[in-house]
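> coords please:
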Amino acid sequence: MISKLKSELSNYSMFTLVKKSYTRMFKMIDLFVIRLLRILPIKNFYIILESQGDYTDNVRTFYDYLLSVQATKKYKIIWIVHNPEQYKYHKNVEFVSRYGGRVHLKFDYYTAVSKFLIFSHPYWLTNWRNKQIVVDTTHSVAQLKAAPVVTKKVKRFDYFLSCSPYCSQIKEQSLHTDLSSALVMGMPRIDLLYQHKECLPMLIDNYKGEKIILSMETFKQTKYWSDSAHKDSYAINVIQSQAELKKLDKILGKNNYKILVKIHHLQSLSFLNRVTLSNIVYLTDDDLARHDIQVNQLVENADILLTDYSSVFYEFLLLDRPIGFLIGDMNEYARGFIMEHPLDEMPGEKIRNYEELLTFIDRSNSTPDEYSKQRSVVCNKVFTYKDNKNCERFFNWIQQQNKGIEE
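Residues are numbered from 1 along each chain as shown. As a prediction, the model looks like this:
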């Protein structure tokens, strides 16, 4: 039995190794083909889009805007995704893949000739043509978490989107770039905070208008690395047991609250112990995608935000609603922080343990909001623009790059 298991594991390891080798080989072929195709002229009205997690985040919001203003009459849009066949057809929009063990000629061609390449996480393209423009929409407005350590700067983009000069300074550190690369015009997905999509009946069975506490912690453990020694079994870091979770569920019911726990897309689910309860609902990216809900559409539906060191709180500031910061594992957060005094940047109740969480929820129902002024101070520092024109500003900038150029 043991020898058979060892044999199966050995065969699996060999299969994985061969698969990875083939994938690496095809990627090298793709890059070689892209270099060959660069003899072709630049297509000034081609825009490539790609987001981590496929068809989501800032890039998805920007794409929806392009469709809404009929930009595809003039621009061809190319989406890079894992499974192109699952996306809805639109005229002058094409979905292509760069994934899997094969050569991707369409992807190679569009990468070689498109003038604009817009990514949420640019990391695979390290070389592009002089007349091509690579923009990093970035994933976060600003951040508390320390930037990854790099030994050598590698250029990943020409420009990055920023919400203010303050955010540009943060991004200069976290993206290892220069301030001259910043486009201070906001992030596309912020537009969603100024629209309302009725998300809650789609996500909560028998929803009856309860107040919503949205809990969104950053990832702590991924498939590949760990940022914290703390194993956050319930995705609310001050809850240590199922008994505490069940007690919280009862308290929420009595106070007419629901907690939606949105799990970070990088968080390894193997560390989580999701329990089915009446007033606490766990959500993954797949749950949102099933109903075509973007994260900021969910955020806009929340009455209160619970978070830890996630950057989501910055965007929530635009809604001017209460925030509770879960800092129960702060001393164990190995990644550290980008600023010397992160607590000063967090305009809300600091929640260190389970009892403080219960107090925060109870006070939210009855006590005047004491952090409104502090939220305003941070919000004014972080956002130059507080409107729903972020996509519009970005598209106007793109059009300016083509000023005087005919199709």
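> In three-state terms, how would Val281 be classified?
Following DSSP: H, G, I helix; E, B strand; the rest coil, we place Val281 in the strand state.
> How about it, nearest residue that isn't a chain neighbour?
Using Cβ to Cβ, 6 or more residues apart in numbering and skipping residues adjacent in sequence, the residue nearest Val281 is Leu260, 5.2 Å away. Quick note: C-beta positions are derived from backbone N, CA and C, even for glycine.
> Quick check: bridge partners of that neighbour?
Here Leu260 shows beta-bridge partners Leu214, Val281, assigned using DSSP bridges.
> Neighbours of it, how many?
Counted with other Cβ atoms under 10 Å, the neighbours of Leu260 add up to 22.
> Kindly report the same for Ser364.
Applying other Cβ under 10 Å, we find 19 other residues in the vicinity of Ser364.
> And His196, by the same measure?
Residues near His196, counting by other Cβ under 10 Å, number 10.
> On the pLDDT front, check the residue most central in space within the chain for me.
The residue at the geometric middle of the chain, judged as the C-alpha nearest the mean C-alpha position with Cα atoms, centre = their mean, is His139 (4.8 Å). What the model reports for His139 is a pLDDT of 90.
> got a list of what the closest residue to it other than its chain neighbours touches?
Leaving aside its chain neighbours, His139 sits nearest to Ser120 (5.7 Å; criterion: Cβ to Cβ, 6+ apart). By Cβ atoms under 8 Å, 6 or more residues apart in numbering, the contact list for Ser120 reads Glu50, Ser51, Gln52, Asp57, Asn58, Val59, Asp136, Thr137, Thr138, His139.
> Buried subset of those residues, written for ChimeraX?
Once 16 or more other Cβ atoms under 10 Å is used to decide burial, the buried members of those can be selected in ChimeraX as follows:
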select :50,51,57,58,59,136,137,138,139
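> Of the contacts of Ser120, which belong to strands?
Secondary structure assignment by DSSP state E places Glu50, Asp136 of the contacts of Ser120 in strands.
> Between the contacts of Ser120, which sits nearest Leu105?
The shortest gap between Leu105 and any of the contacts of Ser120 belongs to Glu50, at 17.4 Å (Cβ to Cβ).
> what's the pLDDT at the spatially closest residue to the closest one that is not a sequence neighbour?
Nearest residue to Glu50, sequence neighbours excluded (Cβ to Cβ, 6+ apart): Ile80, at 4.0 Å. What the model reports for Ile80 is a pLDDT of 98.
> Can you verify my assumption that Ile80 contacts Gln52?
No: no contact is recorded between Ile80 and Gln52 when judged using Cβ atoms under 8 Å, the distance being 11.0 Å.
> helices and strands around the helix or strand hosting Gln374, which ones?
Taking DSSP states H and E as the definition, Gln374 sits inside helix 372-382. Contacting helix 372-382 under the criterion 3 or more Cβ pairs under 8 Å, 6 or more residues apart in numbering; DSSP states H and E are the following elements: helix 165-174.
> one more time with 10 Å, if that's ok
On a contact count with 3 or more Cβ pairs under 10 Å, 6 or more residues apart in numbering; DSSP states H and E, helix 372-382 meets helix 165-174, helix 312-316.
> From the chain's centroid, how far away is that helix?
In terms of Cα atoms, centre = their mean, to the nearest Å, the centre of helix 372-382 is set 22 Å apart from its chain centre.
> hmm, who's touching that helix?
Outside of helix 372-382, the residues within contact range by Cβ atoms under 10 Å, 6 or more residues apart in numbering are 141-142, 163-167, 170, 313-323, 344-348, 369, 371, 386.
> what about 8 Å?
For helix 372-382, the external contacting residues (Cβ under 8 Å, 6+ apart) are 141-142, 163-164, 166-167, 314, 317-318, 320, 323, 345, 347-348, 386.
> Let me know the pLDDT of Ser10.
Per-residue pLDDT puts Ser10 at 56.
> picking that back up, if the residue nearest to Glu50 is in a bridge, with which residues?
Beta-bridge pairing for Ile80 (DSSP bridges): Val96.
> OK, contacts around it?
Taking Cβ under 8 Å, 6+ apart, one finds Ile48, Leu49, Glu50, Val96, Ser97, Arg98, Phe107 in contact with Ile80.
> Then Pro148?
Ser174.
> all strands of the stretch 51-200 of the chain, in order?
Along the stretch 51-200 of the chain, the segments classed as strands by DSSP state E, counting those that start in this stretch run 76-80, 93-96, 114-119, 133-136, 159-162, 182-184.
> wait, isn't Glu210 in contact with Leu260?
No: the pair formed by Glu210 and Leu260 falls short of the contact definition of Cβ under 8 Å, at 10.5 Å.
> domains for this structure, by residue range?
Using automatic domain parsing, the domain ranges for the chain come out as 16-192+389-401, 200-382.
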